[in-house]
Every structure is written in C-alpha cells, then in structure tokens.
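Colleague: the sequence and its predicted three-dimensional model are supplied below.
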Amino acid sequence: MKELMGKILIIEDEEKIARFLELELEFEGYQVDKAFNGRDGLELAQTCPFDLILLDIMLPGLNGIEVLRRLRQFTDIPIILLTARDTVIDKVAGLDGGANDYVTKPFAIEELLARIRAALRKRAAKGSKPSSILVSGALTIDVLSREARVNNELIDLTKREFDVLHYLLLNKNIVIERETLLEKIWGYDFTGGTNAVDVYIRYLRAKIEEPFGLKFIYTVRGVGYMIKDE
C-alpha cells in the first residue's frame with residue numbers, strides 16, 4: 001500500500017536520470033513533471049502546484065542553489081537536492097538555503113523514495129500549504145488568483161501587465177534584460193522590438209507606483225529593469 005501520493009517536480013538536466021526518476025515515481029503512484037534547466041523548473045514551480053521538488057544542483061543557466069533561493073521566496077514545499085557533489089560546503093549551502101534533504105548521486109532509488117515519503121509525511125503533519133504570494137514592500141501578487149495589490153488595494157492589471165510584473169517580482173533584486181522579458185512574456189516568435197517592454201513598464205508604473213507615490217520598478221539604463229527591496 002502506498003503511503004502518500006502527490007505531484008512531484010523533477011528539475012534535472014541529465015535526461016536519462018530524469019526519465020528514470022519519472023518512471024520509478026509514476027510506478028509508485030506519483031504524478032510527475034520534469035524540467036531540464038533551472039529557469040524552466042522555477043517557472044513550472046511558480047505556475048503549477050506541487051507537493052515536492054527534486055532539484056539537481058548542477059543545472060545549466062540557473063544553478064540549483066539559486067533556484068532553491070528563489071523557490072523559498074514563495075513556497076515552503078519540501079525540496080530534496082540531488083547532486084554528485086558530496087562536499088560538506090555544498091551540503092551546508094543547500095540546507096542553509098532551505099532544502100529539506102540532500103541525496104548524493106549515485107543513490108539507491110529505495111532510499112530516495114523513503115526520503116520522499118518522510119518529507120511528505122512531515123509536511124502533512126504540519127498542515128502546510130505552498131504559498132503563491134510574492135512580496136516587495138507594499139506590493140504583493142498572488143500567482144494563483146492572479147491578483148496584484150499595493151497597500152492591500154487591488155490593482156486592475158491586464159494579463160500581460162501581470163505577467164511582466166510577475167516575472168520581475170519572481171526575479172527580485174536581479175536585473176532582467178529587455179530581451180529576456182520579450183522572450184519570456186511575448187515569446188520567441190514576437191516580431192516587435194524591445195520598446196514593447198518599455199511600454200508595459202510605463203503601464204505598470206502608472207498603476208502600481210504613481211497613484212501611491214511609491215517606487216518598485218527600477219530602470220538599469222541600457223540593460224533592462226528590476227524590482228528591488230529597499
């Protein structure tokens with residue numbers, strides 16, 4: 001009899017390992033989604049509800065420790081790190097960053113399954129639920145309800161305005177290039193220029209900054225934009 005079923009996200013760049021984990025977990029009765037790099041995994045975790053995340057440290061682009069840091073800005077679901085790096089420093093960095101457990105490759109699948117069950121039991125006992133709230137000062141957004149508030153006042157945003165704000169807030173304190181925003185929000189096949197980003201930043205400022213006399217979105221000249229905590 002299977003103790004606890006749930007939905008698990010695997011963020012692992014080695015496709016053979018990810019597929020192996022997927023098959024084993026599905027055999028145990030879990031639902032599984034996969035991402036092969038840190039940014040895709042982060043976006044999946046932000047937009048879909050999961051019960052647990054298996055996160056590799058050595059990921060292309062955005063490494064696992066940075067993904068972990070950003071995940072902990074909006075969710076407290078169990079995260080188990082998977083890595084071939086077995087040094088004390090890596091373990092400490094992962095656990096201090098908010099990981100619930102740490103498994104070194106190669107691992108026995110039975111041990112990993114036991115650790116997953118233990119993490120899910122502990123979460124169930126706490127009765128905790130993943131948070132969908134992102135915050136910067138007086139600004140909050142709820143990703144699941146797609147609501148934005150300033151000083152607890154609901155702000156009417158279009159889908160694209162919300163998506164731009166969401167991406168900036170998800171990457172708080174990091175400068176996001178205009179080209180990156182175009183790619184993530186408008187898509188690869190968008191034929192317009194980066195001025196589309198500037199237009200939507202103006203829309204957002206008119207709605208979330210100017211009426212309240214507050215500043216959330218900062219321009220980094222020649223590069224892009226960022227939301228940062230003062």
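Modeller: Everything's here; your move.
Colleague: who are the packing partners of the helix or strand Lys16 falls within?
Modeller: Using DSSP states H and E, Lys16 sits in helix 15-28. Judged by 3 or more C-beta pairs under 8 Å, 6 or more residues apart in numbering; DSSP states H and E, helix 15-28 is in contact with strand 7-11, strand 31-35, helix 109-126. C-beta here means a position set from N, CA and C on the backbone, and glycine is covered the same way.
Colleague: if we use 10 Å, what do you get?
Modeller: With contacts defined as 3 or more C-beta pairs under 10 Å, 6 or more residues apart in numbering; DSSP states H and E, the secondary structure elements packing on helix 15-28 are strand 7-11, strand 31-35, strand 52-56, strand 79-83, helix 109-126.
Colleague: now it against strand 79-83, angle please.
Modeller: For helix 15-28 against strand 79-83, the angle by axes from the mean of the first three to the mean of the last three C-alpha atoms, to 10 degrees is 140 degrees.
Colleague: which SSE is the residue nearest to the spatial centre of the chain in?
Modeller: Ranked by distance to the mean C-alpha position of the chain (C-alpha atoms, centre = their mean), the top residue is Leu42 at 3.2 Å. Leu42 is located in helix 38-47, with elements delineated by DSSP H and E.
Colleague: and Arg149, by the same measure?
Modeller: When elements are assigned from DSSP H and E, Arg149 belongs to strand 147-150.
Colleague: sheet-wise, list the partners of that strand with their directions.
Modeller: Strand partners for strand 147-150, identified by DSSP bridges, are recorded as strand 139-142 (antiparallel), strand 153-155 (antiparallel).
Colleague: quick one: contacts for Leu9?
Modeller: Applying C-beta atoms under 10 Å, 6 or more residues apart in numbering to Leu9 gives the contacts 31-35, 41, 44-45, 48-55, 71, 77, 79.
Colleague: in terms of pLDDT, where does it sit?
Modeller: Confidence at Leu9, expressed as pLDDT, is 96.
Colleague: from Ser136, how far off is it?
Modeller: In this structure, Leu9 and Ser136 are separated by 25 Å, where distance is defined by C-beta to C-beta, to the nearest Å.
Colleague: next SSE downstream of the helix or strand of the chain with the lowest mean pLDDT?
Modeller: Each helix and strand of the chain was given a mean pLDDT (mean pLDDT, DSSP states H and E); the minimum falls on helix 88-96 at a mean of 72. In the C-terminal direction, the helix or strand that comes right after helix 88-96 (DSSP H and E) is strand 101-104.
Colleague: contacts for that next one next, please.
Modeller: For strand 101-104, the surrounding residues in contact (C-beta under 10 Å, 6+ apart) are 52, 54, 57, 78-87, 90-95, 111-112, 115-116, 118-119, 122.
Colleague: which of those count as buried?
Modeller: The neighbour-count criterion (16 or more other C-beta atoms under 10 Å) marks 52, 54, 57, 78-83, 90-91, 93-94, 112, 115-116, 118-119 among the contacts of strand 101-104 as buried.
Colleague: pLDDT below threshold where in this protein?
Modeller: Counting by pLDDT under 70, the chain has low-confidence residues at 1-5, 85-91, 127-131, 188-192, 230.
Colleague: beta partners for the nearest residue to Thr140 once chain neighbours are set aside?
Modeller: Beyond its immediate neighbours in the sequence, the residue positioned closest to Thr140 (C-beta to C-beta, 6 or more residues apart in numbering) is Arg149, lying 5.1 Å away. Counting by DSSP bridges, Arg149 is bridged to Thr140, Leu154.
Colleague: surely Phe212 is in contact with Glu153?
Modeller: Yes. At 8.1 Å, Phe212 and Glu153 qualify as touching, with contact defined as C-beta atoms under 10 Å.
Colleague: that concludes my questions; thank you for your assistance.
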